[in-house]
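Trainee: next one to model:
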Amino acid sequence: MLSRSLLLLLALAPAPRALAATEHVILLHGLCRTGRSMQPMADALQAAGYVVHNVDYPSRTAPISGLSTPAIAPAIVACEQAGAARIHFVTHSLGGILVRDYLATHRPPALGRVVMLGPPNQGSEVVDRLGGWRLFAAINGPAGRQLGTGADSVPNRLGPVDYPVGVIAGRHSINWINSLLLPGPDDGKVTVARTRLAGMTGHLVLPCSHPFLLRDRTAIRQTIHFLRHGRFQDAVPIAATP
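Mentor: Residues are numbered from 1 along each chain as shown. All right, here's what the predicted structure looks like:
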């Protein structure tokens, strides 16, 4: 949970008064997690004036295509029935790939902005090395095995985005075993380089590990700033597709 002082600071930040009634945010957690992992982000977004839909989905039970629509479609319906003028997404890890998969074929008219925390947008070398192991499959399920770096992996087949996306990557690892498999700076699950996404609007790197991006104060503050302004605070805009 966020501290009371941080929640108060976020609540007092400048925002249109009508925000609470019209701006909705759908939260999607990562692999092997639940909606509880997104609660600090949910609390901060609510304090900042957004209506939050914290989706809980069974990430280990199906491939990506079998998870995205059941997780996202009902949340969008709930937003629309509540009169949302704009529908944003904030995701962690696998959640970002679910959003890319869903929006590739379904585009809500009120689509707003997307912030992805630690997304394997180009897959992860960890999956390349361990994805064939039975233990890996038992722990991570079908979706986890689809997150490799090959050209035929789901993240790489989805291609570039044409809607506003801000990516926050971590460059600190608490999983040294995984990091031995990851070339370059990483967060213990995915390299900074492989969080990047063709067509993205902004990319920010923080000294944070994969599981703690969800509750990092700077990540939360930058998420809210991107949802409001379409850019990260004090970050250099991306002028061309990476």
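Trainee: residue boundaries of the strands in the chain?
Mentor: Secondary structure of the chain (DSSP state E): strands at 23-28, 51-55, 86-92, 111-117, 165-170, 202-206.
Trainee: and the angle from the third one to strand 51-55?
Mentor: Between the axes of strand 86-92 and strand 51-55, defined by axes from the mean of the first three to the mean of the last three Cα atoms, to 10 degrees, the angle is 40 degrees.
Trainee: list the neighbouring strands of strand 86-92 plus their orientation.
Mentor: strand 23-28 (parallel), strand 111-117 (parallel) (DSSP bridges).
Trainee: got these as CSV, with distance to Gly184, mean neighbour count and mean pLDDT columns?
Mentor: Quick note: C-beta positions are derived from backbone N, CA and C, even for glycine. As requested, those are arranged in CSV below (distance: least, Cβ to Cβ, whole Å; neighbours: other Cβ atoms under 10 Å; pLDDT from 0 to 100):
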stretch, distance to Gly184, mean neighbour count, mean pLDDT
strand 23-28, 26, 26, 98
strand 111-117, 19, 25, 98
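Trainee: around Ile177, count how many other residues there are.
Mentor: By other Cβ atoms under 10 Å, the residues close to Ile177 number 10.
Trainee: need the pLDDT of it.
Mentor: Note on Ile177: pLDDT of 89.
Trainee: same thing with Leu12?
Mentor: Predicted confidence (pLDDT) for Leu12: 42.
Trainee: what does Gly132 give?
Mentor: Looking at Gly132, its pLDDT stands at 88.
Trainee: and Gly83, by the same measure?
Mentor: 94.
Trainee: now do Thr22
Mentor: pLDDT, Thr22: 89.
Trainee: and the longest helix along the chain, how far out from the chain middle?
Mentor: Ranked by number of residues, the top helix in the chain under DSSP state H is helix 64-81. The chain centroid and the centroid of helix 64-81 are separated by 15 Å under Cα atoms, centre = their mean, to the nearest Å.
Trainee: what helices and strands are in contact with it?
Mentor: Other elements packing on helix 64-81 under the criterion 3 or more Cβ pairs under 8 Å, 6 or more residues apart in numbering; DSSP states H and E are strand 23-28, strand 51-55, strand 86-92, helix 94-103, helix 134-144.
Trainee: can you do 10 Å?
Mentor: Applying 3 or more Cβ pairs under 10 Å, 6 or more residues apart in numbering; DSSP states H and E, we find helix 64-81 packed against strand 23-28, strand 51-55, strand 86-92, helix 94-103, helix 134-144, helix 154-158.
Trainee: the spatially most central residue of the chain pairs with what?
Mentor: The residue lying closest to the centre of the chain (Cα atoms, centre = their mean) is Thr91, at 2.3 Å. Here Thr91 sits in beta bridges with Leu28, Met116, as judged by DSSP bridges.
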